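1. I need the structure of the sequence given here:
(2 chains)
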Number of protein chains: 2
Amino acid sequence: MLKVIVVGLGPIGLNAAKTVAADKTLKLVGLVDIDPAKIGKSLNELLGAGKGGPKVVASIADAAKLGAKVAIVTTSSQFARVAATLRECMKHKMHVVSSCEEMAYPAYLNAALAKKIDAEAKSAKVALLGTGVNPGFVMDYLPVVLSSQVAKVTGVRAIRRVDAGTRRKPLQAKVGATMTKDQFYSLKAKNAIGHMGIAESVALIAAGLGRRVKKGSVKIGLEPLLAEKPIDSLLGRIEKGRVRGMQNTAHWNGEGLSIELDLIMALGTKEPYDRIEIDGPVPLKLQIEGGTPGDTATVAAMINGARVLPTATPGLHTMLTIPVCGGGGR
Amino acid sequence: MLKVIVVGLGPIGLNAAKTVAADKTLKLVGLVDIDPAKIGKSLNELLGAGKGGPKVVASIADAAKLGAKVAIVTTSSQFARVAATLRECMKHKMHVVSSCEEMAYPAYLNAALAKKIDAEAKSAKVALLGTGVNPGFVMDYLPVVLSSQVAKVTGVRAIRRVDAGTRRKPLQAKVGATMTKDQFYSLKAKNAIGHMGIAESVALIAAGLGRRVKKGSVKIGLEPLLAEKPIDSLLGRIEKGRVRGMQNTAHWNGEGLSIELDLIMALGTKEPYDRIEIDGPVPLKLQIEGGTPGDTATVAAMINGARVLPTATPGLHTMLTIPVCGGGGR
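-> Residues are numbered from 1 along each chain as shown, chains lettered A, B, ... in the order given. Model (predicted):
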């Protein structure tokens, strides 16, 4: 059984820990978080399900003593912030899979650090991977997978429509639910709202299709979507005219290829779905009914990635460089 | 530019050669076929498009002199038959991508030979891959890709509906078009009709989900579909009651997982599509509108595979063991 620790016990980390604990092919041996309110508590206590399960410790070094081969890291969206955690895991010879959004394609924003971490992973003989549902699958890896069936791709479009009304409270807050339009735009001006990883998704698609996207060359669009009638949310009632969510777009064009991503995450989204369109001499169109479910799919993607890492070549990977991570849970 | 030869100039090989020749990132340097009617002819002559392009030679050794790094092999559906060609290519240090159906998962029928060829490829430092649209993508690799988003998969279903009326004549013949029911069953009894590779697809899915399918344990179903009214085909008119195509199914059940493949290839198929359903705690359903186009997608899959092989680890690969082969054609 593959021994796993989980570092970072927010909603995604906690869900990952629970899923690992329930899987017959994996063994959850440790939990790490820096929050004093969580340290010393067991998994079941954190889940509000009685006692039992490993207890939360404050340091990766302590958790590593239990023989873990892979660390699931869900601490930050920023690659530069996760780097210290990656290094600590490498020191203890653990492979790492992370939901860190920038790590889906770390070379886009931080090529120098990505190169350095890659070299360190190679010398530590471990594999590191950023993955999840978005970024990591639906708006980047899956389009690349589909593009394999087209001889000369001229365009890639990925469209994702998420009903934030079915998602957890922090997600509803993240898309701006209940804000005024002005509040949304003021956060936008401070770069404090918007889906993390959308530029990385574009860079990953481009790389998967043999192109290279330069830092800053992905054009990002971000607009609030306003309620046309009142909608109930986990943050309270969204009045007419208030923000019910956001539309985030990303676009890149070069070397004979156009990439367009279009993401809506909003309460009141009528028919959620994911859709991929590949343009070429014989185009292809794919749709996922109801869309890929955000949180559970991110957890699954990380856990299925964890299975593959011990057999992968050492280094800092993206979904482009490791073999497919099939759903091996039991 | 990656130098490529094509070995086997049936419809798929010819289409592959044409596509390689048109691609700005690849260079078609050689053509190989054993048919005396083809030897000495140029690609354009074979395509009925004037003169020009490399001429067909009879031996891989002659074609290899031109510095090819990758051979696209489209000579046989059987792995044991392709083995000699693989060995000849390995001797000349060429990577090989092949549409050979059994090679999509060669260990299913011929584990010993697969092991041997794998060792030979490793010592020759080349990578070998069987791929295509089916097997190789729509009913095996794509389901494994989708399963990555589900934590505990209990079932995989892949359904493909092909309108053979839009396909080339040999394909229409292959699905039994214009036969009587008795002719179909007599061919079935001799194992001379049915989609090649369907059992390999099941074995590939199982392996991708951490299971192992034993030789012969995949249950195959094969039935003719009969015309309810006359249908025109490239083989002549299909009268009412005659065969318009076939339904081929494959099923395996074990280790907490059920795999079901259901393929119809028939003239008169109303709405072609590909559909994948993953069962689990949070199920997923994906559909490709109109279905993945057979011949062009097989050619694209091979060519996009050819790009990845030189960077892959040496050995006999399947789609499970190499990184995603994105559409890098220009």
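2. alpha carbons only for contacts and neighbour counts from here, please
-> Noted.
3. quick check: end-to-end length of stretch A:309-319?
-> 11 Å (CA to CA, to the nearest Å).
4. okay, buried residues for it please.
-> A:309-310, A:312-319 (16 or more other CA atoms under 10 Å in any protein chain shown).
5. swap in stretch A:169-181?
-> Buried, per 16+ other CA under 10 Å, within stretch A:169-181: A:171-181.
6. next one, pLDDT for the nearest residue to residue A:24 once chain neighbours are set aside please.
-> Residue nearest to residue A:24 in three dimensions, not counting chain neighbours: residue A:330, with 5.6 Å by CA to CA, 6 or more residues apart in numbering or on different chains. The per-residue pLDDT reported for residue A:330 equals 95.
7. what is the neighbour count of residue A:330?
-> Number of residues near residue A:330 (other CA atoms under 10 Å in any protein chain shown) recorded here: 17.
8. ok, it - contacts?
-> Shown in contact with residue A:330 (CA atoms under 8 Å, 6 or more residues apart in numbering or on different chains): A:23-25, B:152-153, B:256.
9. buried subset of those residues?
-> The buried subset of the contacts of residue A:330 - by 16+ other CA under 10 Å - is A:23, B:152-153.
10. which of the residues you listed fall in helices?
-> Assignment to helices by DSSP state H places none of these there.
11. how deep is residue A:115 tucked in, by neighbour count?
-> 15.
12. how about it, phi and psi?
-> Backbone torsions of residue A:115, given as degrees, to the nearest 10, read phi -60, psi -40.
13. gap between it and residue A:74?
-> 21 Å.
14. same check, this time on residue A:8
-> 5 Å.
15. please say which of the two ends up with more neighbours.
-> Neighbour count, other CA under 10 Å: between residue A:8 and residue A:74, residue A:74 has more, with 25 against 21.
16. you'd agree residue A:19 is up against residue B:151?
-> Yes - with contact defined as CA atoms under 8 Å, residue A:19 and residue B:151 form a contacting pair (7.4 Å).
17. so what's in contact with those two at the same time?
-> In contact with both residue A:19 and residue B:151: residue A:299, using CA under 8 Å, 6+ apart.
18. of the two, which one has the most company?
-> Remark: of residue A:19 and residue B:151, residue B:151 carries more neighbours, 29 against 19, as counted by other CA under 10 Å.
19. got the residues of the stretch 101-250 of chain A near chain B?
-> A:133, A:142, A:144-153, A:208-210 (CA under 8 Å from any CA of the partner chain).
20. gap between the closest residue to residue A:216 other than its chain neighbours and residue A:121?
-> In space, and not counting its chain neighbours, residue A:216 is closest to residue A:109: 7.8 Å by CA to CA, 6+ apart. According to CA to CA, residue A:109 stands 19 Å off from residue A:121.
21. of the two, which one has the most company?
-> residue A:121 (27 against 20).
22. show me the contacts for the more buried one.
-> Listed by CA under 8 Å, 6+ apart, the contact set of residue A:121 reads A:90, A:127-128, A:314-316.
23. residue A:171 too?
-> With CA under 8 Å, 6+ apart, residue A:171 has these contacts: residue A:164.
24. dihedrals phi and psi, it?
-> Taking degrees, to the nearest 10 as the convention, residue A:171 sits at phi -70, psi -40.
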